[in-house]
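> Let's see this in three dimensions:
(chains A and B)
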2 protein chains.
Amino acid sequence: MTERLSEETRDTLLDPLLKTGWEVTQGRDAIQKTFQFNNFVDAFGWMTRVAIWAEKWDHHPEWSNVYKTVEVTLTTHDVDGLSPLDIKLARKMDGLAG
Amino acid sequence: MTERLSEETRDTLLDPLLKTGWEVTQGRDAIQKTFQFNNFVDAFGWMTRVAIWAEKWDHHPEWSNVYKTVEVTLTTHDVDGLSPLDIKLARKMDGLAG
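Numbers count the residues shown, from 1 in each chain, chains lettered A, B, ... in the order given. Model (predicted):
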């Protein structure tokens, strides 16, 4: 079962993500990042690859897209906050965008 | 070249869309609609089909997705308002969701 991140685990896991552009969302136990691509095909192509992983892991992002920009928020509704699944999906998103 | 819809054309073209759930956006010359699907695969599958048409027509939506819900806003940045391209893409979106 997914559990909400403990305070100690949280900092250890979040620290590397904060260095790649993720931010803790204001007023919500969530993380967010804006991804910029060269054009719509690159942006939506990345979303498609992420979507397949998200479905495979049964953990889906909140995200919006305007042309070459994708804004993502990750949180785990079942635990009302951040869980290891958010860390895993954030890393995958960075990897697929790299 | 794309032109902003004239007042008369606008009503004639928007009327059928307003009957399928599109709404005129408050404070902005744009239209918006919330699409609901059965699950993430259906929602993102629809987005993928829309994305290919959007790229083909070089006219892209502003949209956000949370699991099985997709919120769409259409406007034409080049004319700072609604153009025939928005009507065309709105109809296509309805058709692909039908």
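> list the buried ones in stretch A:42-57?
Residues A:Ala43, A:Phe44, A:Trp46, A:Met47, A:Val50, A:Ala51, A:Ala54 are the ones in stretch A:42-57 that count as buried (16 or more other Cβ atoms under 10 Å in any protein chain shown). Where you see a C-beta, it was placed from the backbone N, CA and C, and this is true even at glycine.
> Show me what the lowest-mean-pLDDT helix or strand in chain A packs onto, helices and strands only.
Ranking every helix and strand in chain A by mean pLDDT, DSSP states H and E puts helix A:7-18 at the bottom, with a mean of 94. If contacts are counted by 3 or more Cβ pairs under 8 Å, 6 or more residues apart in numbering or on different chains; DSSP states H and E, helix A:7-18 sits against helix A:84-97.
> circling back to that earlier point, let me know the closest of the buried residues of stretch A:42-57 to A:Asp86.
Nearest to A:Asp86, judged by Cβ to Cβ, of those is A:Ala54 at 11.3 Å.
> Please report how far that closest one lies from chain B.
Per Cβ to the nearest Cβ, to the nearest Å, A:Ala54 is found 7 Å from chain B.
> who are the neighbours in contact with that residue?
By Cβ atoms under 8 Å, 6 or more residues apart in numbering or on different chains, A:Ala54 lies in contact with A:His60, A:Pro61, A:Leu89, B:Phe40.
> same check, this time on A:Arg28
Taking Cβ under 8 Å, 6+ apart, we find A:Arg28 in contact with A:Thr75.
> quick one: which helix or strand includes it?
Using DSSP states H and E, A:Arg28 sits in no helix or strand.
> Is the one residue in chain A that gets nearest to chain B part of a helix or strand, or is it coil?
Per Cβ to the nearest Cβ, A:Ser64 is where chain A lies closest to chain B, at 3.5 Å. Secondary structure, DSSP: H, G, I helix; E, B strand; the rest coil: A:Ser64 is strand.
> Any stretches of chain A with poor pLDDT?
A:1 (pLDDT under 70).
> The closest residue to A:Arg91 other than its chain neighbours - how many residues pack around it?
Spatial nearest neighbour of A:Arg91, chain neighbours left out: A:Leu17 (7.4 Å); criterion: Cβ to Cβ, 6 or more residues apart in numbering or on different chains. Using other Cβ atoms under 10 Å in any protein chain shown, A:Leu17 is surrounded by 20 other residues.
> Please tell me how far A:Leu17 sits from B:Asp80.
Per Cβ to Cβ, to the nearest Å, A:Leu17 is found 37 Å from B:Asp80.
> for the residue nearest to A:Arg91, what are its contacts?
A:Ile31, A:Ile87, A:Ala90, A:Arg91, A:Asp94.
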